[in-house]
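[1] Below are the sequence and a predicted model; questions follow.
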Amino acid sequence: MELALYSLPFLWQGTLITLAVAALVAVFSLVLGVLLGTLACFGLSPFRWTIRIYCDLIRGIPAVVLIFMVYYGLPVLLSFPINNFLAAVVALTVFTTGQVTEIARGAIQSIHFGQAEAGKAIGLGFWSRMIYVIFPQAVRRFLPPWVNNLTDVVKGSALVSLVGIVDLMLAIQQVIGRVYEPMPLYIVGSILYFLINYGLSSASQRLEGHFAYIRE
């Protein structure tokens, strides 16, 4: 255990990479997922069907397969190599966006259609109705499953080690390769992953309480 604690500075560097990957994927997938989820509810029929096919397809493909497809396949299509960090973020964003899209679609559709009709009756345009009427109500139903999705993103970010990114998981494996004491290091790694996800869950509860207070 002493060697694991001695390796904490190196493991912390890997943790920062894990946080960076998870944060980028969370932001990009949130923006794309909310946009696609809105189009899935109110877009033209071709857009709705395309989004549905995309979500069904992506949710049926393991994230690790997408990472390898982007890492090895995208350079072939673009005719030049791409950074492994960029490839991992792109692949995980594509994967996570499919899940966030379904979460956003479900949250929006859970709001009674009369709310949108009431906004329309007082002269609000489409995006004004969405911003001032639909989204404020949908966000409370969106947050809990989205935070659960964030914890999956953090745990799924361990897959980026397979393309050579020194995240927390690869940092643990590299230290194990030097000291040959896997159990203490995996315990420390588990604690670090737990602290990250516990922090996300705690922040989610505060946000939900904040939105509940505003509504009241």
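    Nice, I can see it.
[2] Could you list the low-confidence segments of this protein?
    The chain contains residues with pLDDT under 70 at 1-5, 207-216.
[3] go again using 80 as the cut-off
    1-8, 112-121, 123-127, 179-181, 203-216 (pLDDT under 80).
[4] quick one: contacts for the residue most central in space within it?
    Centroid-nearest residue in the chain, with Cα atoms, centre = their mean: residue 26, separated by 3.8 Å. Shown in contact with residue 26 (Cβ atoms under 8 Å, 6 or more residues apart in numbering): 96, 150, 153. Every C-beta, even on glycine, is put in place using the N, C-alpha and C of the backbone.
[5] wait, what's in contact with the last one?
    By Cβ under 8 Å, 6+ apart, residue 153 lies in contact with 22, 25-26, 29, 92, 96.
[6] Could you rerun that using 10 Å?
    Contact partners of residue 153, counting by Cβ atoms under 10 Å, 6 or more residues apart in numbering, are 21-26, 29, 63, 92-93, 95-96, 99-100, 197, 200.
[7] Provide the secondary structure category for it.
    Recorded secondary structure, residue 153: helix (DSSP: H, G, I helix; E, B strand; the rest coil).
[8] Pull up the gap between the residue nearest to residue 196 when sequence neighbours are not counted and residue 65, please.
    Closest residue to residue 196 apart from its sequence neighbours, by Cβ to Cβ, 6 or more residues apart in numbering: residue 154 at 5.4 Å. Note on residue 154: its distance to residue 65, by Cβ to Cβ, to the nearest Å, is 20 Å.
[9] by contact count, what packs against the host helix or strand of residue 193?
    Using DSSP states H and E, residue 193 sits within helix 182-215. Other elements packing on helix 182-215 under the criterion 3 or more Cβ pairs under 10 Å, 6 or more residues apart in numbering; DSSP states H and E are helix 2-6, helix 8-42, helix 135-156, helix 168-179.
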